[in-house]
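Student: sequence unknown, structure follows:
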């Protein structure tokens, strides 16, 4: 079994045709005030020059590691590949079109260490496709347990940090018609672990405005499939949780209209 560094953060970043954004994502990691990190970028068979940009960034930053997949398997497979190579005790997730604020890791790790937290997440801000920051901030609950997470998908993947020593080894479920990251959070919390929120907006999520409506429907369908396929929840119970999810999702999405 691989020995992990007690202070190292392994940043898990899947990429697919992200040439337009990935440089900004990498620069937000380089700008972190907490510097003990490795960034594991797994490219999911991009065809647009993403790999060339990442390789260029690597020439001046040895902490960036690139893995190139031969065939496209989806973001969960790419993340799982990175998780299998991660050397850090702390695991963080950052997609190739999102960014972190400079103090993100420093503040979040301090929050986790002071309170002996295994799983944390933060508030996050919305930006437009062209990178313009908005005033929309998604404020997260102070804590989420398994049953409360079934009702509320407010954890932004780009904000999550997990202490692997406290949680153990894990992988994302490989269902492309499900919410694979949400499925993983549910799996972790189903063991009794509690996730805690830090109420500071320390990350920025990129959202293409023209796709908001289709994304709402797609998210709802993936949430339902996660209940049924990943967690194997019976239909009546799944409907009960889905009703609560729908109310919370409506509150969330009204902020972006």
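Tutor: The structure has been received and is ready for your questions. Here the structure is a predicted model, which means the values were calculated and not measured.

Student: Measure how buried residue 81 is and give me the count.
Tutor: Using other C-beta atoms under 10 Å as the criterion, residue 81 is surrounded by 19 other residues. To be clear about C-beta, it is placed using only N, CA and C from the backbone, and glycine gets the same treatment.

Student: Likewise for residue 13?
Tutor: Per other C-beta under 10 Å, the neighbour tally for residue 13 reads 29.

Student: could you give the mean pLDDT of stretch 241-257?
Tutor: Averaged across stretch 241-257, pLDDT comes to 79.

Student: Mind listing residues that contact that stretch?
Tutor: Identification of contacts with stretch 241-257 by C-beta atoms under 8 Å, 6 or more residues apart in numbering yields 126, 136, 138, 150-154, 207, 209, 212, 216, 219-220, 223-224, 227, 233.

Student: Off-centre distance for the least confident helix or strand in the chain by mean pLDDT?
Tutor: In the chain, no helix or strand scores lower on mean pLDDT, DSSP states H and E than helix 212-225, which sits at a mean of 80. How far helix 212-225 lies from its chain's middle: 17 Å, per C-alpha atoms, centre = their mean, to the nearest Å.

Student: got it, and stretch 29-49?
Tutor: Its chain's C-alpha centre and that of stretch 29-49 lie 13 Å apart, by C-alpha atoms, centre = their mean.

Student: mind listing the strands for the chain?
Tutor: With DSSP state E as the criterion, the chain has strands at 5-15, 37-43, 64-68, 88-93, 99-100, 119-127, 133-138, 143-144, 161-163, 195-206.

Student: So which bits of the first one are buried?
Tutor: Meaning strand 5-15. Neighbour counts over strand 5-15 (16 or more other C-beta atoms under 10 Å) mark 9, 10, 11, 12, 13, 14, 15 as buried.

Student: Name the pair among these with the greatest separation in space.
Tutor: By the measure C-beta to C-beta, 9 and 15 form the most distant pair in the buried residues of strand 5-15, at 18.6 Å.

Student: contacting residues for the residue most central in space within the chain?
Tutor: In the chain, the C-alpha nearest the mean C-alpha coordinate belongs to residue 157, at 2.1 Å (C-alpha atoms, centre = their mean). By C-beta under 8 Å, 6+ apart, the contact set of residue 157 is 93, 95, 181.

Student: gap between it and residue 207?
Tutor: According to C-beta to C-beta, to the nearest Å, residue 157 stands 14 Å off from residue 207.

Student: Kindly report the same for residue 60.
Tutor: Residue 60 is 30 Å from residue 207, where distance means C-beta to C-beta.

Student: who has more neighbours, the two?
Tutor: Ranked by neighbour count (other C-beta under 10 Å), residue 60 and residue 207 place residue 207 first, with 18 against 8.

Student: OK, contacts around that one?
Tutor: Shown in contact with residue 207 (C-beta under 8 Å, 6+ apart): 126, 127, 128, 129, 256.

Student: From residue 202, how far off is the residue nearest to residue 61 when sequence neighbours are not counted?
Tutor: Among residues not flanking residue 61 along the chain, residue 30 sits closest, at 6.3 Å (C-beta to C-beta, 6 or more residues apart in numbering). Distance, residue 30 to residue 202, by C-beta to C-beta: 16 Å.

Student: which one of these two has more residues nearby?
Tutor: residue 202 (22 against 15).

Student: What's the separation between residue 112 and residue 162?
Tutor: Separation of residue 112 from residue 162 (C-beta to C-beta): 9 Å.

Student: What of residue 135?
Tutor: Look at residue 135 and residue 162: by C-beta to C-beta, they are 30 Å apart.

Student: neighbour count winner among those two?
Tutor: More crowded of residue 135 and residue 162, by other C-beta under 10 Å: residue 162, with 26 against 7.

Student: Now do the same contact list for the more buried one.
Tutor: Contacts for residue 162 (C-beta under 8 Å, 6+ apart) come out as 90, 91, 92, 118, 119, 120, 170, 188.

Student: again with residue 139
Tutor: 123, 199.

Student: Thanks again, I'm all set now.
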